[in-house]
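Participant: Just to be clear, the model below is a prediction. Sequence and coordinates:
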Amino acid sequence: MPIAQARKIAQEKQLDLVKISPDAKPPVCKIINYSKYRYEQIKREKEARKRQKVFVVKEIRISLNIDTHDLEVKIKKAIQFLNEGNKVKLSIKFRGREMGHKESANALIREFIDKLNGICLIEKPATFENRSVFLILAPITKK
């Protein structure tokens, strides 16, 4: 239908003529109440944002020669973060001659993960970068 005729129909119904697909040949238009359409679109976007889960990454730093009680405190804090739905980034910093004891870091990571068994998944396995080891843990989602 010609554009002039479509505009006339839209004015008679007191609605707006909106191009849905302007690149098509011929362009596709729709006669709607544009303000109501925008209101509903914004409402749908807000609803989608409400349902969206935003993950926050909380970092826990430990050293290679950490005491057992201090490690337990860090594990309790990690459990708290995971129960809140946050991800946990475990980082171990090496100082001086500790660089020669990377196997001790692996043992410490294994102990940390064993204590969190059933609470989290390993999202990113341990990676060595410069003088530190990083590991990212994510909470197990309940469906």
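Facilitator: Done, it's in.
Participant: number of nearby residues for the closest residue to K13 other than its chain neighbours?
Facilitator: In space, K13 comes closest to I31 once its chain neighbours are excluded; the distance is 6.6 Å by CB to CB, 6 or more residues apart in numbering. C-beta coordinates here come from the backbone N, C-alpha and C atoms, glycine included. I31: 16 surrounding residues under other CB atoms under 10 Å.
Participant: my guess is A126 meets N106, correct?
Facilitator: Yes. Counting by CB atoms under 8 Å, N106 is a contact partner of A126 at 7.2 Å.
Participant: Compare those two (neighbour count), which wins?
Facilitator: Of the pair A126 and N106, A126 is the one with more neighbours under other CB under 10 Å, namely 17 against 14.
Participant: which residues touch L64?
Facilitator: L64 is in contact with I92, K93, F94, R95, E98, H101, S104, A105, L108, counting by CB atoms under 8 Å, 6 or more residues apart in numbering.
Participant: elements contacting the one helix or strand the first one maps to?
Facilitator: Secondary structure from DSSP states H and E places I92 in strand 87-93. Applying 3 or more CB pairs under 8 Å, 6 or more residues apart in numbering; DSSP states H and E, one finds that strand 87-93 makes contact with strand 57-63, helix 68-83, helix 102-115, strand 132-139.
Participant: Quick one: mean pLDDT over the helix or strand containing C29.
Facilitator: Here C29, judged by DSSP H and E, is contained in strand 28-32. Averaged over strand 28-32, pLDDT sits at 89.
Participant: Buried ones in that strand, by neighbour count?
Facilitator: For strand 28-32, burial by neighbour count (16 or more other CB atoms under 10 Å) applies to C29, I31.
Participant: and that strand, which strands flank it?
Facilitator: The pairing partners recorded for strand 28-32 under DSSP bridges are strand 16-21 (antiparallel).
Participant: quick one: buried residues of the partner strand?
Facilitator: Buried, per 16+ other CB under 10 Å, within strand 16-21: D16, L17.
Participant: contacts for that strand?
Facilitator: By CB under 8 Å, 6+ apart, strand 16-21 touches A6, R7, A10, P27, V28, C29, K30, I31, I32, N33, Y34, Y37.
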